[in-house]
Every structure is written in structure tokens, then in C-alpha cells.
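*Asks:* Curious how this folds, go ahead:
(2 chains)
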Protein chains: 2
Amino acid sequence: MELLSSNKSQGGVQGVYRHASEVTGTDMTFSAFVPEHAPGAKLPVLWFLSGLTCTHANVTEKGEYRAACARHGVILVAPDTSPRGPDVPDDEAYDFGQGAGFYLDATEAPWAARFRMRSYVEQELPALVGAEFPADMGRQGITGHSMGGHGALTIGLRHPERFRSVSAFSPIAAPSRVPWGEKALGGYLGADRGAWRAYDAVALIEDGARLPELLVDTGAGDPFLDTQLKPELLEAACSRAGIALTQRLQPGYDHSYYFVSTFLGDHVAWHAERLKA
Amino acid sequence: MELLSSNKSQGGVQGVYRHASEVTGTDMTFSAFVPEHAPGAKLPVLWFLSGLTCTHANVTEKGEYRAACARHGVILVAPDTSPRGPDVPDDEAYDFGQGAGFYLDATEAPWAARFRMRSYVEQELPALVGAEFPADMGRQGITGHSMGGHGALTIGLRHPERFRSVSAFSPIAAPSRVPWGEKALGGYLGADRGAWRAYDAVALIEDGARLPELLVDTGAGDPFLDTQLKPELLEAACSRAGIALTQRLQPGYDHSYYFVSTFLGDHVAWHAERLKA
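*Replies:* Residues are numbered from 1 along each chain as shown, chains lettered A, B, ... in the order given. Model (predicted):
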């Protein structure tokens, strides 16, 4: 693991790191904020998964999470959204290919070899974080924004034993039923919609996945609300399944980091309460 | 004045605006955050002047000031650092020409016609802000970072009647005596060092400018500390002049926005206390 940059902030260290990923066959970059802590202490970990076109840098620069992480003693790790590089397959569209990994393991050519963000985020990166940082991997929470909100919900629903807390901002809650998701799931996984269900939060809940509770914030003024995000489908699924969903439509807020940064500190506090219980 | 973008954040509105400047003869862009407020209310204004290479965008995206501005009811305005455009003189160096206006009115060719950031920040932009925003121009404070810290200190020292509060991050405190400043002041103002003194905080204090107090934060790990910033010269000048300087060298912090964002909320609160007294 190579240190690309390290800056003191809010009393802790905001680092950016690169490592050779076996899962994607590329170098991968991520950021990690480690609050000030007692020598030998291990801190809970909150994962933040980013949205379409983003790298680790968007939330690292614009997320405004460090003050809350420092206050509550939580490490925040922000992975990239896909493998990248000249040798990696890509697409001209912003919502497919590099920057649009959708947190799945692709099965279709030419994506299957490298577009394996599910395995990367679920297995390879946690092993690295557990080995290299003062992280208590028995206390993990996960959140994310937009495509990353989809990632947080689906990874959290598939691993209720691992994540004590799951939240999301503006998640693509039912990708099987919206244009962004139909394009991505069809392109990476093929035409069989049965294979899509492991990557669709609403479908996972319909198929029996359970979490005790979920926190979701979405801007009521988000231009993607009705066409891509569909919070009403998540609400209906959670209601039927008995999942305690706190879903807030925040009046006047949009899809940007001006919205995420307004509430990310609240989410950090919410996760910390559960991770430290 | 044209609205370029508007995003709800922290309950208020983060806007970016463009207007045709008579002073620079160019279009100028700036940002303004206006907290939620009662109809008809006028809020105090805090100016944030940015450093070399920056536009309004750096602090707007990375400064983490909105939560504090919302809490304390303070408008924050962030101007650009110079005129810009293909018709504007420039220099290949990062520390001269576009992005490096040094908050002065240039007198040397080819800079004199358009590099008039002193008049822009002292006169034209405040008139626009007072006319277009719910701003109480009787309650103004000023701060800034690096070259913008130099700007905040010198503008504040020249207008003690206007600014109730003056602070800075990592300011170039004595530009006449450091490489960044000698290059810029010599290039924009010519070889007569007497003309530089109005743009040098330490020289202004030596020449009799007074403020009741100053707050300055600088990273003790700032790579420019000894060569360009020279906080010890500001401390000596304030001590001789009886100016109550609170100058904090923050251990481990560098010159980046990871440092600025750690303490900008504290500065907003410090200004608010004085602006609302």
C-alpha cells in the first residue's frame, strides 16, 4: 500500500492510498480519515461509497465528515467507484464503464475480468483496511450516495452480520426498475433479470434480506427523484418486510454534495451510536 | 448580476454569481452563502479572500464554513483572486498574473488596466453585495488564506472603520520581505518599495495602521512558514503597536484546505461574536 498524500485535519489524518488490487487487476486508490486516538486503540469503520463519475476525492474534499468522525472516533474509508486506466474497458457514457462500477461483479464481456467492485469492496479492501489501519473490523457501518447509496444498501442487506448500521443518501433504491440501473445491470450482468436481484435493494428485501433499521436522506428537490431514485419503492418494501426505515425527504435539497455535506455529519453520529453501543 | 448556480446547503443557499466588473473590465465570478433568515432581516457579512491559483470555488467546495455561518447567521462572500480571460495579461508562473492578483491596484504595464483587485474587493463588490443580498454592510468582517490572508490583513488595516473583525489563515504577513511578495509587488507596482507599504501588513502597522485585535491561525507544519509567511514579523509588529494579536501555530497542520476547513468554523464564530456585539 502506497501513501499518496497525508494531511492533518480535525486533529486526525486524512490519507489517500494506492494499492495493487488482485480483484480488479489494476491499481486502486482510496481515502481514509483516521481520527486522533489513544495508542493501540481500534476504531469503528464507516464505509462511504460514492456515486456515478466520482472517485474517492469527491467526498474527501466536499463531504464535510471529518469533524463528526473526530468527535465520535470513527474511521471513514472512501473507495473508488470502478477500476480505471487505459487498459480497462470503458464507455463514453457517464453512467457506464469507468466511474460507474455499480458495486457488482460483472459477468458479461468485456467487463467481467476487471469490473468486480462487489468483491473489491466486500472482501479485498476490508482485508487491507483491517491490516493497515487501527480499525476494529467487528464494528463496521456503511453508507453512500446515489449509485453508492445503492451499493451501501445492497452490500448491507447481503451482510447483516457484518454491518451494525446501514444508511444512504439519495440511493438508487430499485435499479432493476430505472434507466440507470437497467442499463448498468443489463450491461454488466446480461439480460437475465434474475441475476440482477442481488444488486437491487428492493428486490433483496422482497427476497427475504433483512436489517433491523435503515436511515435514508434524499433531497425533495433532487432532479433524479422520480425517474432514478424512487424512494417510494424502498418505503413500500421496508414496510412490508418490517424493516424500520427512517426515510427523510429533505425539502429544497438537490443531488449534490451541498446536500450530502449538510447531513453526512448527522449520519456519522447515527452510525457511531450504533457502532459504539 | 447573473446566477450561475444555486444549491441549498445547511438550510441556506450557496450561490455562485457572475457580473461585468467596471473595475477590471472583465466578467468576475464570486460565491455567496446566505443562511436561512427571517424575511426582511439583514445579516452581517464575512469576506473570505483566497490564495494563489484559487478561484471562489476552492473555499466554497472545501472550506466547510456553511454549518457555522448557518448557526451564527453570517453571510460569507468569496471573490476570485484576479481578473481572468484570454484578453487579460497573464504569466506562466503560478504566483504572478491570473490567479495571483494580490489584492492590489497595479500601476505597472501591462497589469495596471485590469489588475485592480484592491478597488474590486474594497469598493465594487461590496456595493454589489449590499444592493443584491440581505446584507448589513454596517457589520462586516474579513478573513482569507495565504495570499488572501495578506489581502484580509491589509484591507482590514486600511479600513478599521469598516471591518469590526479581521482574521487570517497562513497569511503572507510581510510580502515586501519574502519571495512571493517581492515578485508580485515589484511586478505590479514597480521598483519603488515605498509604494509597496500599503500592501504589506507589517509595514502598514509600522506606518501607524491600527486594529484592536487580530486572529491568525497558521499550520506549524506549513512548508511556506519560514520562507513566505513569517508569522514572527507580524507578532513583533503587533507587539510594538499594541495590537492584541492571537496567533496560533497549529501543530502538524499544513497549508491546505484540510487545515483551513479545520478552523474556519472557529473563525466564523469569532467574527460572529464581534459582528453581532
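*Asks:* list the contacts for the residue lying closest to A:Gly186 once chain neighbours are set aside?
*Replies:* On the basis of C-beta to C-beta, 6 or more residues apart in numbering or on different chains, the spatially nearest residue to A:Gly186 that is not a chain neighbour turns out to be A:Trp196, at 7.9 Å. To be clear about C-beta, it is placed using only N, CA and C from the backbone, and glycine gets the same treatment. By C-beta atoms under 8 Å, 6 or more residues apart in numbering or on different chains, the contact set of A:Trp196 is A:175-176, A:181, A:185-186, A:189, A:203.
*Asks:* Scan those residues and report the most crowded one.
*Replies:* If you count neighbours using other C-beta atoms under 10 Å in any protein chain shown, the busiest of the contacts of A:Trp196 is A:Pro175, which has 27 neighbours.
*Asks:* Look up the residues forming beta bridges with A:Ile15.
*Replies:* One thing to correct before we go on: residue A:15 is Gly, not Ile. Residues in a beta bridge with A:Gly15, per DSSP bridges, are A:Ser6, A:Ala32.
*Asks:* What's the separation between A:Trp111 and A:Thr26?
*Replies:* According to C-beta to C-beta, to the nearest Å, A:Trp111 and A:Thr26 sit 13 Å apart.
*Asks:* show me where the stretch 51-200 of chain A has strands.
*Replies:* Listed in chain order, the strands of the stretch 51-200 of chain A (DSSP state E, counting those that start in this stretch) span A:75-79, A:135-144, A:163-169.
*Asks:* Output the set of residues of the stretch 1-150 of chain A in proximity to chain B.
*Replies:* Listed as neighbours of chain B in the stretch 1-150 of chain A under the rule C-beta under 8 Å from any C-beta of the partner chain: A:7-11, A:14, A:61-62, A:64, A:66-67.
*Asks:* ranges for the helices of chain A?
*Replies:* Here chain A has its helices, by DSSP state H, at A:56-62, A:66-72, A:117-119, A:125-132, A:147-158, A:179-189, A:201-206, A:231-241, A:257-275.
*Asks:* Determine which stretch of these is the most buried.
*Replies:* helix A:147-158 (a mean of 28; mean count of other C-beta atoms under 10 Å in any protein chain shown).
*Asks:* rewinding a little: output the contacts of A:Trp196 as JSON lines; include the columns pLDDT.
*Replies:* Listed next are these as JSON lines, based on pLDDT from 0 to 100:
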{"residue": "A:Pro175", "pLDDT": "98"}
{"residue": "A:Ser176", "pLDDT": "98"}
{"residue": "A:Gly181", "pLDDT": "98"}
{"residue": "A:Leu185", "pLDDT": "98"}
{"residue": "A:Gly186", "pLDDT": "98"}
{"residue": "A:Leu189", "pLDDT": "98"}
{"residue": "A:Ala203", "pLDDT": "98"}
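*Asks:* okay, those in CSV with distance to B:Gly97 next?
*Replies:* Shown next, in CSV, are the contacts of A:Trp196 (distance: C-beta to C-beta, whole Å):
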residue, distance to B:Gly97
A:Pro175, 48
A:Ser176, 53
A:Gly181, 47
A:Leu185, 50
A:Gly186, 50
A:Leu189, 52
A:Ala203, 56
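*Asks:* of all those residues, which two lie farthest apart?
*Replies:* A:Gly186 and A:Ala203 (14.5 Å; C-beta to C-beta).
*Asks:* gap between the residue sitting furthest away from the middle of chain A and chain B?
*Replies:* Distance to the chain centre peaks in chain A at A:Pro39, reaching 29.0 Å (criterion: C-alpha atoms, centre = their mean). Distance, A:Pro39 to chain B, by C-beta to the nearest C-beta, to the nearest Å: 16 Å.
*Asks:* re the thing from before, just the closest of the contacts of A:Trp196 to A:Pro231, please.
*Replies:* Using C-beta to C-beta, A:Pro175 comes nearest to A:Pro231 of these, at 13.5 Å.
*Asks:* Test my guess that that closest one contacts A:Leu104.
*Replies:* No. Using C-beta atoms under 8 Å, A:Pro175 is not in contact with A:Leu104; the gap is 9.6 Å.
*Asks:* Overlap of the contact sets of these two?
*Replies:* With C-beta under 8 Å, 6+ apart, A:Pro175 and A:Leu104 have common neighbours A:184-185, A:199.
*Asks:* between A:Trp111 and A:Thr26, who's got more neighbours?
*Replies:* Per other C-beta under 10 Å, whichever of A:Trp111 and A:Thr26 has more neighbours is A:Trp111, with 23 against 18.
*Asks:* so what's that one closest to, chain neighbours aside?
*Replies:* Nearest residue to A:Trp111, sequence neighbours excluded (C-beta to C-beta, 6+ apart): A:Tyr188, at 5.2 Å.
*Asks:* A:His255 too?
*Replies:* Once flanking residues are discounted, A:His255 sits nearest to A:Asp222: 4.6 Å by C-beta to C-beta, 6+ apart.
*Asks:* With A:Thr143 instead?
*Replies:* That would be A:Ser167: by C-beta to C-beta, 6+ apart, it lies 4.4 Å from A:Thr143.
*Asks:* One more: A:Lys42?
*Replies:* Looking at A:Lys42 with C-beta to C-beta, 6+ apart, the closest residue is A:Asp136, at 3.9 Å.
*Asks:* Tally up the residues packed near that neighbour, please.
*Replies:* By other C-beta under 10 Å, the residues close to A:Asp136 number 15.
*Asks:* before we move on, what about the one 10 residues further on?
*Replies:* Neighbourhood size, A:Ser146 [other C-beta under 10 Å]: 26.
*Asks:* Name the residue of the stretch 101-250 of chain A with the shortest distance to chain B.
*Replies:* Nearest residue of the stretch 101-250 of chain A to chain B, counting by C-beta to the nearest C-beta: A:Gly221, 7.2 Å away.
*Asks:* which residues does that residue contact?
*Replies:* The contact partners of A:Gly221, taken as C-beta under 8 Å, 6+ apart, are A:251-254, B:8.
*Asks:* if we can go back for a sec, the residue nearest to A:Thr143 contacts A:Leu211, correct?
*Replies:* No. Look at A:Ser167 against A:Leu211 with C-beta under 8 Å: they stay out of range, at 10.5 Å.
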